[in-house]
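Q: Give me coordinates for this.
(2 chains)
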Amino acid sequence: MTAFGKLIRTTAFRLTLVYLFLFALFAASLLGYFAWNTRRMITEQIATTVSAETGELSDIFTRRGLHGLVFNIENRALRPGANLYLVTTPTGQAIAGNVGSLAPGVMATTGWSETAYRRLDEQDSADHRALVHVSELGGGFRLLIGRDLEERRRLFGIVAKAAQWSVLIVVVLGLGGGIFVARRVLRRIDAMTGTTRRIMAGDLSGRLPVGRSGDELDRLAENLNAMLERIEALMMGLKEVSDNIAHDLKTPLTRLRNRAEEALAKSASEAEYRTALERTIEESDGLIRTFNALLMIARAESGQARGNMDDFDAAEVANGIHELYEPLAEDDGMTLRVKTASTPIHGNRELISQALANLVENAIKYGKPNPVVQPLNAAADAREILIEARREGDAVLLSVTDHGPGIPEADRKHAVERFVRLEASRTQPGSGLGLSLASAVATLHGGELRLADAHPGLTATLAIPAAAGVSDRLAAQTPDVPQKVA
Amino acid sequence: MRLLIIEDDRESADYLAKAFREVGYVADLAGDGEEGLSLAETGDYDVLVVDRMLPKRDGLSLIGSLRDKGNRTPVLILSALGQVDDRIKGLRAGGDDYLPKPYAFAELLARVEVLSRRHGGPAEETTYRVGDLELDRLSHRVARGKDELTLQPREFRLLEYLMKHAGQVVTRTMLLENVWDYHFDPQTNVIDVHISRLRSKIDKGFERPLLHTIRGAGYMIRDGIR
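A: Predicted coordinates for the structure are as follows:
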């Protein structure tokens, strides 16, 4: 498409054309009305003057006879800018006046008419037009009085010219303005299009230019930029995930493959094959678990699990998880305690349970006190893990506190990311997705996962906003439940 | 025991059929939803194993159509969609159990056995007996021989579930789902710890162990060696 073609296809330009047409129409009708009215007024004025003079001259004829009339007319005809006068005999012969020639038949009919004429003193010039009134005097004499219409014609000409010019100016200014506006808009749109093309080509960091005027295009650009911001964040997240998946799933897959290969090449006995196969299955189960965790996180993050929410007591979840993990903690030499107050919450019970379970599993795995820093005799308290459910302000807090080495403040934000396994935990089994899932679940519920220092140790807290209406409803069902400490 | 496997992936279907035949089942195969529905309606099956995504007619609509016609054959849904809400959708459509892919055959087998027993089995009893172990579901009393055993409420429910399915393999996931009502996959061996506690209460000091670990599958409570 040519540049001009593009220009005339713009909405701004088309709107300009419509306005142009409307304005031209308006100007033309205004001037037309003006011209028509002026013409009518001039005609009326001429008619009045002519009628008055006709009356005067008829009067003179009546009182002083033909002679007096002729004398009077000759006098009047000599004045500058005089009207037209003609007196004819009953045979049609001119006896007085300043009219040289008339269109034929004008004198034959009485009353008003428009006619071409020529004055006596201007033989060569072209015909003029005049509005004339012919009246019957006594004795077959006729009197014509008229007024040149040149004035009217000139005035009409001026108006017509004004109309031409004004329409021309409207068109020129309109077109110019239209092109100016259209080009301005087009330039901005072109800039936007260019940016979107770049973005489509894969450069997600591009942003639409935003002007300072704050007009509708700027607002649109701002909104689109905000949208791009979000898309970029999502894409970055996605890219990170796929990179991590590639890395963290490829490693166990490679291990799996190596084992199978080794077994194939070296195993001599059935027992050896069996061992290799069992380890293969174990490894694939680990992979499946990782996949499931990833899917779960993706779903929690995309908000798909929102449909499955109901009202329940966070204390039940805490007690349930305590009950499930208590023996495991004890086997591991830890004490798992729970402290709950009835805390109504609205959410996905399954996901919140799983998030809390992940936090507890982490505490059991990584929350063992460091024997170097803490003497073993202080171990009773140090080996305790506390699950808490309580309400603080508008938030429901589900927290797990251990007294292990904790996570250094600098690492805390990092720890929540997918597949991140802090140096200290590299030797422990796990997918590195526990905290990410907990965080994704908290985000899904409009809350967050907080990691804090427990002096020593780590407090991981799922802080989820309590929906006011819901909590009141539930609180009414369970009045004044005393705090219980298990 | 007759089984109908409705699964469009030929290789998985053949593998399942072969595996089920090896443990003594009669297994028929259907490759799409329409064929599956007509076979399920005409054949007398004990359990249907239905893939959720099938050509011609999807698994859920197949189950819905069967249930509408009054066919109450237990259905186990296999699906690559393993999330909680997919599960709920599957069970609402009339499925009796839901197993996300990929799964271990042992898990599938254990669930199919439980389903087939549920279908044809006797009415719920109030007392379960395995060997000299006795569990009274109404009074919540558990005794082995002459000894009264004291169990925690959760241990009681764990034992109750195991004894209800005495002689059948019960997997860890099944226990987590049915005893604790959690549908997620713990990264640690929580269930094993609960089992070992229960075992120390019901088997410790007795000559014949009743609670057995089935390697690579799960647990089973039974009297002596089958």
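Q: quick one: strands adjacent to the helix or strand containing A:Ile345?
A: Under the criterion of DSSP states H and E, A:Ile345 resides in strand A:344-347. Strand A:344-347 pairs in its sheet with strand A:310-313 (antiparallel), by DSSP bridges.
Q: following the strand it pairs with, which helix or strand comes up?
A: Elements were assigned by DSSP H and E; along the chain past strand A:310-313, the next helix or strand is helix A:314-331.
Q: can I get the CA coordinates of that following helix in PDB?
A: Extracted in PDB, the C-alpha atoms of helix A:314-331 (Å, rounded to 0.1, in the frame of the first residue of the first chain):
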ATOM      1  CA  ALA A 314      -7.600 -24.200  58.900                       C
ATOM      2  CA  ALA A 315      -7.100 -25.800  62.300                       C
ATOM      3  CA  GLU A 316      -8.500 -29.100  60.900                       C
ATOM      4  CA  VAL A 317      -5.900 -29.000  58.100                       C
ATOM      5  CA  ALA A 318      -3.100 -28.300  60.600                       C
ATOM      6  CA  ASN A 319      -4.300 -31.100  62.900                       C
ATOM      7  CA  GLY A 320      -4.700 -33.500  59.900                       C
ATOM      8  CA  ILE A 321      -1.200 -32.900  58.700                       C
ATOM      9  CA  HIS A 322       0.100 -33.100  62.200                       C
ATOM     10  CA  GLU A 323      -1.600 -36.500  62.600                       C
ATOM     11  CA  LEU A 324      -0.200 -37.700  59.300                       C
ATOM     12  CA  TYR A 325       3.400 -36.700  59.800                       C
ATOM     13  CA  GLU A 326       3.700 -37.100  63.600                       C
ATOM     14  CA  PRO A 327       5.000 -40.700  63.400                       C
ATOM     15  CA  LEU A 328       7.400 -39.900  60.600                       C
ATOM     16  CA  ALA A 329       8.900 -37.000  62.500                       C
ATOM     17  CA  GLU A 330       9.200 -39.200  65.600                       C
ATOM     18  CA  ASP A 331      11.000 -41.900  63.600                       C
END
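Q: buried residues in the following helix or strand past it?
A: Downstream of helix A:314-331, the first helix or strand assigned by DSSP H and E is strand A:335-340. The neighbour-count check on strand A:335-340 (16 or more other C-beta atoms under 10 Å in any protein chain shown) flags A:336, A:338-340 as buried. C-beta: built from backbone N, CA, C; applies to glycine.
Q: Same question for stretch B:195-213.
A: Within stretch B:195-213, the residues that count as buried by 16+ other C-beta under 10 Å are B:195, B:197-199, B:201-203, B:210-212.
Q: Of those residues, which are in range of chain A?
A: Within the set of the buried residues of stretch B:195-213, contact with chain A (C-beta under 8 Å from any C-beta of the partner chain) is found for B:Arg197.
Q: Mind checking which of the buried residues of stretch B:195-213 land in helices?
A: Taking DSSP state H as the definition of helices, those contribute B:195, B:197-199, B:201-202.
Q: Which one of those is nearest to chain A?
A: Chain A has its nearest neighbour among these in B:Arg197, at 5.4 Å by C-beta to the nearest C-beta.
Q: got a list of what that closest one touches?
A: A:327, B:155 (C-beta atoms under 8 Å, 6 or more residues apart in numbering or on different chains).
Q: Tell me which strands the helix or strand B:Tyr128 falls within pairs with, and in which orientation.
A: Element membership for B:Tyr128, per DSSP H and E: strand B:127-130. Paired neighbours of strand B:127-130 in the sheet (DSSP bridges): strand B:133-136 (antiparallel).
Q: Go through whatever helix or strand comes next after the strand it pairs with and flag the buried ones.
A: Downstream of strand B:133-136, the next assigned helix or strand under DSSP H and E is strand B:141-144. Neighbour-count burial for strand B:141-144 flags B:142, B:144 (criterion: 16+ other C-beta under 10 Å).
Q: Mind listing what's buried along the next helix-or-strand element following strand B:141-144?
A: Counting by DSSP H and E, the next helix or strand C-terminal to strand B:141-144 is strand B:147-149. Neighbour-count burial for strand B:147-149, with 16+ other C-beta under 10 Å as criterion, is recorded at B:Leu149.
Q: helices or strands up against strand B:147-149?
A: If you count contacts as 3 or more C-beta pairs under 8 Å, 6 or more residues apart in numbering or on different chains; DSSP states H and E, strand B:147-149 packs onto strand B:141-144.
Q: outside of the strand it packs on, which residues touch it?
A: If you take C-beta under 8 Å, 6+ apart as the criterion, strand B:141-144 is touched by B:132-136, B:148-149, B:151, B:156, B:159, B:202, B:206.
Q: One more: stretch A:45-60?
A: With contacts defined as C-beta under 8 Å, 6+ apart, stretch A:45-60 is touched by A:68-69, A:72-73, A:83, A:112, A:131-133, A:135, A:137, A:143, A:145-147, A:149, A:152.
Q: tell me how far it is from the chain's mean position?
A: Stretch A:45-60 sits 73 Å away from the centroid of its parent chain (C-alpha atoms, centre = their mean, to the nearest Å).
Q: and what of stretch A:260-272?
A: 66 Å.
Q: Just the endpoints, please. Distance across it?
A: Distance between the two ends of stretch A:260-272: 11 Å, counting by C-alpha to C-alpha, to the nearest Å.
Q: Give the buried residues for that stretch.
A: Buried residues in stretch A:260-272 (16+ other C-beta under 10 Å): A:Ala263.
Q: For it, what does the pLDDT average out to?
A: The average pLDDT within stretch A:260-272 is 82.
Q: try stretch A:283-299
A: Mean pLDDT, stretch A:283-299: 76.
Q: in chain B, which spans are strands?
A: Ranges of strands in chain B, per DSSP state E, are B:2-6, B:26-30, B:47-51, B:75-79, B:97-100, B:127-130, B:133-136, B:141-144, B:147-149, B:170-171, B:211-214, B:218-221.
Q: Deepest-packed of those, please.
A: Most buried of the strands of chain B by mean neighbour count (mean count of other C-beta atoms under 10 Å in any protein chain shown) is strand B:47-51; its value is a mean of 27.
Q: which residues are contacting that strand?
A: With C-beta under 8 Å, 6+ apart as the contact definition, strand B:47-51 has outside contacts at B:1, B:3-9, B:16, B:36, B:40, B:59, B:62-63, B:66, B:73-79, B:95, B:108, B:112, B:115-116, B:119.
Q: Please identify the pairing partners of that strand and their relative orientation?
A: When DSSP bridges is applied, strand B:47-51 pairs with strand B:2-6 (parallel), strand B:75-79 (parallel).
Q: quick one, that strand and strand B:26-30 angle?
A: 30 degrees (axes from the mean of the first three to the mean of the last three C-alpha atoms, to 10 degrees).
Q: chain center to strand B:47-51: distance?
A: That offset, for strand B:47-51, works out to 13 Å (C-alpha atoms, centre = their mean).
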